[in-house]
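Chemist: the sequence and its predicted three-dimensional model are supplied below.
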Amino acid sequence: MTRKALSLKEFIDLPQLLQFEALHKNAAYVGKRKNGHQLVLLFQLHGYYVEVYYERYRKTIDHIVTTDSTEILQPYLEQINIGEFDDKKKRKNDM
Amino acid sequence: MTQSLPPKSLVLYADDDPDDIELVSEAFQAYSSDLELMTFSDGIELLKFIESIDPFNASPCLFILDINMPRLNGKETLRRLRRLDSFADVPAVLFSTSSLPADADFAKNFNAGFVTKPLHTNQVHHIIDEIIQHCSDNVKKNIGKGKDSAK
C-alpha cells in the first residue's frame, strides 16, 4: 500500500497529537539545537520542515514551527555530519 | 547445592547524545531490579567493552544502538557485533530519531529491531516497552516477575 504524502497545509491542519504521530512515523531527523533553555529538533517531512521546541526534552513540547523554506536549516548547517564527511575524505586520502 | 541469585541482565546502549542517554536511563529505572543499563558514547566504546567482558560472567541481553554517532555509527556497530560469535545472536535494536525505511530494512537484514526515538512524554514508556520486547523470552519472563513482585 502506498502512503499519500501529507502536504504542508494538511499537516498544519492536523490536531497536535496526529502531527506528532506523523513526525514519529514518517519524518527524517535533520538536527538539534539550543534556543535559550529550550532544546529544538528539526525534522524533514515530505517537502517541508518541522521544528519541535521542547520545554522538557522529548517530554513536554512548547510549540512547533512548520515551513517549506530552507532558511530554517541555517542554524543547523554546521552540525550536519561534517565530521562524517571529513572522516570519509580522510579514509579516501589514506587509501 | 547452592544456588546464587541470577545476575541482572545487561542492556548496552550506545548514543552520542547525552540528553537521549539521560532520557533512556531514566525510563529504564522502572526495570532496574532486573536490567542493568550501561551506556557508551559511541559504537567503538561499546565494542571495546564487550571485547573485555567474560561471556560466562556477564552477558548482554540487548544492544540499543543509536544510528547517528561519530567515530562508529549504529549500523556499522551492529554489522561488527554480528560478526562476533558470542554476540551474533544477542537481540539488538537500532534506535533513531528518523524513521527512514532504509534504516528499518538494514536492521531487519541484521536480525535487529528498529525503534524511532520518542517525540513526547506519552511515547517514552511505550517505546521503552517496545525496546524490551526485543529481549529473549527468558529475560522478559524475569522482568515480568520483577514487576509483579514490585506491585
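Modeler: Cool, the structure landed.
Chemist: so residue B:41 makes contact with residue B:16?
Modeler: Yes: with contacts counted by CB atoms under 8 Å, residue B:41 reaches residue B:16, the gap being 5.5 Å. Just so you know, the C-beta spots here come from the backbone N, C-alpha and C atoms, and that holds for glycine as well.
Chemist: give the residues shared as contacts by those two.
Modeler: Residues within reach of residue B:41 and of residue B:16 at once, by CB atoms under 8 Å, 6 or more residues apart in numbering or on different chains, are residue B:69.
Chemist: OK, now which residue of chain A is nearest to chain B?
Modeler: Of the residues in chain A, the one nearest chain B is residue A:29, at a distance of 3.6 Å by CB to the nearest CB.
Chemist: wait, is that residue part of a strand?
Modeler: Yes: read with DSSP: H, G, I helix; E, B strand; the rest coil, residue A:29 is one of the residues of a strand.
Chemist: isn't it up against residue A:50?
Modeler: No: at 10.6 Å, residue A:29 does not count as touching residue A:50 under the criterion of CB under 8 Å.
Chemist: who has more neighbours, the two?
Modeler: The residue with more neighbours, out of residue A:29 and residue A:50 and counting by other CB atoms under 10 Å in any protein chain shown, is residue A:50; that gives 23 against 19.
Chemist: next up, identify which helix or strand that one is on.
Modeler: Following DSSP states H and E, one finds residue A:50 within strand A:48-56.
Chemist: once you drop chain neighbours, what's closest to the residue nearest the centre of chain A?
Modeler: The geometric centre of chain A, computed from its C-alpha atoms, lies nearest to residue A:43 (CA atoms, centre = their mean), at 1.5 Å. Of all residues beyond its chain neighbours, the one nearest residue A:43 is residue A:27 (3.8 Å), with distances taken as CB to CB, 6 or more residues apart in numbering or on different chains.
Chemist: so how far is stretch B:44-54 off the chain centroid?
Modeler: Averaged C-alpha coordinates place stretch B:44-54 at 14 Å from its chain's average position (CA atoms, centre = their mean, to the nearest Å).
Chemist: contacting residues for the spatially closest residue to residue B:78 that is not a sequence neighbour?
Modeler: The shortest distance from residue B:78 to any residue other than its chain neighbours is 5.1 Å, reached at residue B:110 (CB to CB, 6+ apart). Remark: with contacts taken as CB under 8 Å, 6+ apart, residue B:110 is in contact with B:78-79, B:82, B:92.
Chemist: what's across from the residue nearest to the centre of chain A in the sheet?
Modeler: Applying DSSP bridges to residue A:43 gives these bridge partners: residue A:29, residue A:50.
Chemist: picking that back up, list the residues that contact both of residue A:29 and residue A:50?
Modeler: Any residue near both residue A:29 and residue A:50 by CB under 8 Å, 6+ apart counts here, and that gives A:42-43.
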